[in-house]
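Asker: model this:
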Amino acid sequence: MALPSTDWLVRPVAPIDEAAAAAVLATRFGVRGTVRDLGSQQDRNFRVRGEAGEYVLKVANPATGTAELRAQCAAVEHLAGALPGLRLPRALPGTDGDVVQPFLVDGVELACRLLEFVPGEPIMDSRYLAPPVVARLGEIAGRITAALADFAAPESDRFRPWDLRNALEVIEALAAHWPDRARADRVLSAARAAYALVEPHAKDLPVQFVHGDITDNNVVCESAHDGRRMPVGVIDFGDLGTSWTVAEPAVTCTSVLHHHGARPASALPAVRAFDAVRPLSDEEVAVLWPLVVLRAAVMVVSGQYDVLQDPGNGYASAALDREWAMFESAVSVPAPVMTAPAARGTRPPPAPPRGPARPPHAAGPAGPSGRRPGARPLGAE
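Answerer: Residues are numbered from 1 along each chain as shown. Just a heads-up that it's a prediction; the model follows:
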């Protein structure tokens with residue numbers, strides 16, 4: 001079976017064992033400590049416990065250029081100033097003062113960064129996400145989106161498969177090589193229908209730098225007084241780039257859909273919380289759920305492709321069922337049907353009709369006191 005030859009398709013990173021990662025850590029950052037492989041969809045991530053603290057060594061996929069890595073670091077610094085209460089993975093400089101450090105593996109040059117470890121508990125594996133937790137995800141997505149509205153960095157000309165503006169092209173390219181033809185055809189059909197709903201509004205959708213991955217597996221949490229894990233930080237900026245602004249809440253909503261008991265309506269608290277921070281336009285509301293469908297479809301076909309390319313990637317393999325559950329939930333209600341409750345959640349209710357004013361002391365059917373006949377005064381026994 002031939003895999004697609006399209007240039008933008010991401011190839012796996014060469015294997016890097018923990019000993020090699022520790023050597024890079026010492027040489028490039030002057031840090032020594034224990035190193036543990038964390039797994040990754042397309043990069044290589046290692047948790048580091050050093051004498052001075054805990055870190056994450058991130059080895060970037062060669063598809064991601066140095067300028068993009070610098071933009072991610074700059075975005076984190078921008079957000080650290082704008083949102084001081086949010087926990088973020090700030091980059092540490094290497095021994096030469098640069099946050100991006102090159103090194104060789106089997107003759108291939110790779111780039112790595114050393115990031116502060118962001119403490120907290122995960123929620124991706126929580127069976128159920130309560131509405132307040134979902135709302136907090138939406139609130140964080142909204143706050144980050146609002147703060148990035150004035151962020152600027154050099155634009156990459158690389159085709160970005162996670163940019164939802166490219167979703168249909170990605171889905172059509174990857175679904176064609178999925179062995180399960182019944183599922184592939186179902187995903188293709190849903191994606192084409194969703195894109196048809198987005199396309200008429202595309203030219204009116206605002207574009208800016210977005211984080212692109214405020215999701216259940218990309219936040220860390222603290223337990224609140226009621227025992228719920230509430231998001232307090234974000235751990236990865238690998239999908240940062242320009243896109244439709246409304247892509248951010250669509251990505252967040254999609255991540256909710258694989259949890260126990262989740263239905264499409266389970267994502268609405270995130271929509272309302274996002275809109276309270278960064279109001280959505282009518283056009284953005286109209287395309288929000290079609291973008292959820294497109295995001296879920298991209299995740300499904302990308303996950304299948306990653307496993308075909310790298311069969312030993314347990315991280316990617318473990319996500320396949322979760323990704324399919326998101327897609328199944330996203331398409332379980334027609335997108336136009338989901339647009340109505342999304343609109344109700346982001347728009348104030350219409351003002352009640354105003355009838356003719358009644359004179360201040362006029363006696364209506366309830367009697368001179370304004371109470372129903374026979375009703376007891378407040379506090380009467």
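Asker: what comes up buried for stretch 192-210?
Answerer: Buried residues in stretch 192-210, defined by neighbour count with 16 or more other Cβ atoms under 10 Å: 194, 195, 197, 198, 201, 205, 208, 209, 210. For the C-beta atoms, the positions are set from N, CA and C on the backbone; glycine is no exception.
Asker: check contacts around the last one.
Answerer: Residue 210 makes contact with 145, 148, 240, 241, 242, 243, 244, 245, 247, 248, according to Cβ atoms under 8 Å, 6 or more residues apart in numbering.
Asker: how many other residues sit next to residue 338?
Answerer: Residues contacting residue 338 under the criterion other Cβ atoms under 10 Å number 23.
Asker: so it: helix, strand or coil?
Answerer: The three-state label for residue 338, taken from DSSP: H, G, I helix; E, B strand; the rest coil, comes out as helix.
Asker: what's the answer for residue 170, then?
Answerer: The three-state label for residue 170, taken from three-state DSSP, comes out as helix.
Asker: hmm, it is touching residue 305, no?
Answerer: No. Under the criterion of Cβ atoms under 8 Å, residue 170 lies out of contact with residue 305, with a separation of 9.4 Å.
Asker: neighbour count: the two, which is higher?
Answerer: Taking residue 170 and residue 305 together and counting by other Cβ under 10 Å, residue 170 has the greater number of neighbours (25 against 22).
Asker: for residue 193, see how far away the more buried one is.
Answerer: When Cβ to Cβ, to the nearest Å is the yardstick, residue 170 and residue 193 sit 16 Å from each other.
Asker: equivalent analysis for residue 256, please.
Answerer: Between residue 256 and residue 193 the computed distance is 22 Å (Cβ to Cβ).
Asker: tell me the contacts of residue 324?
Answerer: Taking Cβ under 8 Å, 6+ apart, one finds 183, 300 in contact with residue 324.
Asker: 6 Å instead, please
Answerer: Applying Cβ atoms under 6 Å, 6 or more residues apart in numbering to residue 324 gives the contacts residue 300.
Asker: just checking, it is part of a helix?
Answerer: Yes. The assignment for residue 324 is a helix, going by three-state DSSP.
Asker: and for residue 277, the neighbour number?
Answerer: Residue crowding around residue 277 was assessed by other Cβ under 10 Å; the count is 16.
Asker: which pLDDT value belongs to the closest residue to it other than its chain neighbours?
Answerer: The spatial neighbour of residue 277 that comes closest, neighbours along the chain excluded (Cβ to Cβ, 6 or more residues apart in numbering), is residue 142 at 3.2 Å. Each residue has a pLDDT score; the one for residue 142 is 98.
Asker: over to residue 170?
Answerer: The per-residue confidence score, pLDDT, reads 95 for residue 170.
Asker: can you tell me how far it is from residue 160?
Answerer: With the distance defined as Cβ to Cβ, residue 170 ends up 9 Å from residue 160.
Asker: residue 204 now?
Answerer: 21 Å.
Asker: how about the secondary structure of residue 13?
Answerer: In three-state terms, and counting by three-state DSSP, residue 13 is coil.
Asker: what about it, how many residues close to it?
Answerer: Burial of residue 13 is recorded as 20 neighbouring residues (other Cβ under 10 Å).
Asker: residue 92: neighbour count?
Answerer: Counted with other Cβ under 10 Å, residue 92 comes out at 16.
Asker: no, scratch that, I was asking about residue 336
Answerer: By the measure other Cβ under 10 Å, the count of residues near residue 336 is 11.
Asker: show the pLDDT at it.
Answerer: Model confidence at residue 336, given as pLDDT, is 89.
Asker: give me the longest helix you can find in the protein.
Answerer: helix 282-309 (DSSP state H).
Asker: still on that earlier bit, ok, now how distant is the residue nearest to residue 277 from residue 131?
Answerer: For residue 142, the distance to residue 131 - Cβ to Cβ - is 16 Å.
Asker: neighbour-wise, which of the two wins?
Answerer: residue 142 (25 against 13).
Asker: the more buried one: which element?
Answerer: In this structure, residue 142 is located in helix 131-148 according to DSSP states H and E.
Asker: helices and strands around that helix, which ones?
Answerer: The contact analysis (3 or more Cβ pairs under 6 Å, 6 or more residues apart in numbering; DSSP states H and E) places helix 131-148 against strand 229-234, helix 247-256, helix 268-277.
Asker: I'm done for today, thanks for sticking with me.
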